[in-house]
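> sequence plus the predicted model coming up.
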Amino acid sequence: MISFIVPAYNEEPLIGRTLAALHAAARDTGEAYEIVVVDDGSTDATAEVAIDHGARVLRVQHRQIASTRNAGARAASGDILMFVDADTIVTGATLNAALAALRAGAVAGGASLRLDGRLPWHGRVLLVVVRAGMRLGRLAAGCYVFCTRAAFEAAGGFDERLFASEEIALSRALARQGRVVILRETVVSSGRKLRTHSGWEIFGLMSAVVRQGRRALRSRERLGLWYGDRRSDPGP
């Protein structure tokens, strides 16, 4: 069985389309599947939208993405785990390619990344860098990570000491268990963070990570890009 694990915090506007796309993609494979939405303390109608779209909702109060994803993995029933962000669209072609890679012996992977809408110049530059780093380093973008349950458990799951970049740590841990692939097929995620945060904010955070290493990723307060109040997206 495939278990789609969708962490969510106040994702009422976007999660419906994500879940509808997952249902369509899963039906295209013919495989048994479930969708587990891990609602991490939302104050909007995220959970209600998820239930309306046929998902099982697990409610937690972590406000930490690694812990939230791990909670979803523990609650899931499948032997294939697919972590999909609540603002990300996965197609049938991408899902079929992931399953084919696992059947061919890979233990984990990700997909090529696209962001929706118009991006500012700093967003376009960052996207090029991220794509290149993902492919060269065989690192899965956090919005779409797939793996076997056996490899996930052997790798120790997501590192709950990290409040960001936990998918990079997991990709490296999974690579010690076997082959990790980055598919040519794409997922489309929201570009809202790049539209609502300035280049100075984003590159300042990157500079802090370069200077301080993992210490910069172990505090929620320093990571407003992920944990601060969500800003209004001017839209695509």
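Thanks, I have it. Residues are numbered from 1 along each chain as shown.
> from here on, just use CA atoms for contacts and neighbour counts.
Noted.
> where does residue 50 fall, phi/psi-wise?
Residue 50 adopts backbone torsions of phi -60, psi -40, taken as degrees, to the nearest 10.
> surely it touches residue 17?
No: contact between residue 50 and residue 17 fails when scored by C-alpha atoms under 8 Å: they sit 10.1 Å apart.
> comparing the two, which residue is more hemmed in?
residue 50 (27 against 15; other C-alpha atoms under 10 Å).
> just checking, residue 93 touches residue 185?
Yes: applying C-alpha under 8 Å, one finds residue 93 in contact with residue 185, separated by 7.1 Å.
> what about the two, which has more around it?
Counting neighbours by other C-alpha under 10 Å for residue 93 and for residue 185 shows that residue 185 has the greater number, 17 against 14.
> any idea how far residue 226 is from the more buried one?
Taking C-alpha to C-alpha, to the nearest Å as the measure, residue 185 falls 26 Å from residue 226.
> which residue is nearest the centroid of the protein?
By C-alpha atoms, centre = their mean, the chain has its centre lying nearest to residue 143, at 2.3 Å.
> got the CA positions of stretch 138-157 in PDB?
What follows is stretch 138-157, C-alpha atoms only, in PDB (Å, rounded to 0.1, in the frame of the first residue of the first chain):
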ATOM      1  CA  ARG A 138      20.600  13.300  -4.900                       C
ATOM      2  CA  LEU A 139      18.600  15.300  -2.400                       C
ATOM      3  CA  ALA A 140      14.900  15.200  -2.300                       C
ATOM      4  CA  ALA A 141      13.000  18.500  -2.000                       C
ATOM      5  CA  GLY A 142      10.900  18.600   1.100                       C
ATOM      6  CA  CYS A 143       7.700  19.000  -0.700                       C
ATOM      7  CA  TYR A 144       7.900  15.500  -2.200                       C
ATOM      8  CA  VAL A 145      10.000  12.700  -0.700                       C
ATOM      9  CA  PHE A 146       9.200   9.000  -1.300                       C
ATOM     10  CA  CYS A 147      10.800   5.900   0.200                       C
ATOM     11  CA  THR A 148      10.200   2.400   1.400                       C
ATOM     12  CA  ARG A 149       9.100   2.100   5.000                       C
ATOM     13  CA  ALA A 150      12.000  -0.300   5.700                       C
ATOM     14  CA  ALA A 151      14.500   2.300   4.500                       C
ATOM     15  CA  PHE A 152      12.800   5.100   6.400                       C
ATOM     16  CA  GLU A 153      12.900   3.200   9.600                       C
ATOM     17  CA  ALA A 154      16.500   2.100   9.100                       C
ATOM     18  CA  ALA A 155      17.400   5.700   8.500                       C
ATOM     19  CA  GLY A 156      15.800   6.800  11.700                       C
ATOM     20  CA  GLY A 157      13.100   9.000  10.100                       C
END
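> for that stretch, list every residue counted as buried.
For stretch 138-157, the neighbour count (16 or more other C-alpha atoms under 10 Å) marks 138-149, 151-152, 155, 157 as buried.
> equivalent analysis for stretch 97-104, please.
Buried, per 16+ other C-alpha under 10 Å, within stretch 97-104: 97, 98, 99, 101, 102.
> just the ones of the residues you listed in helices?
97, 98, 99, 101, 102 (DSSP state H).
> so where do the helices sit in this protein?
Using DSSP H, helices in the chain cover 15-29, 46-52, 65-75, 92-103, 121-137, 149-155, 166-175, 192-196, 199-212, 224-227.
> with that, I have no additional questions.
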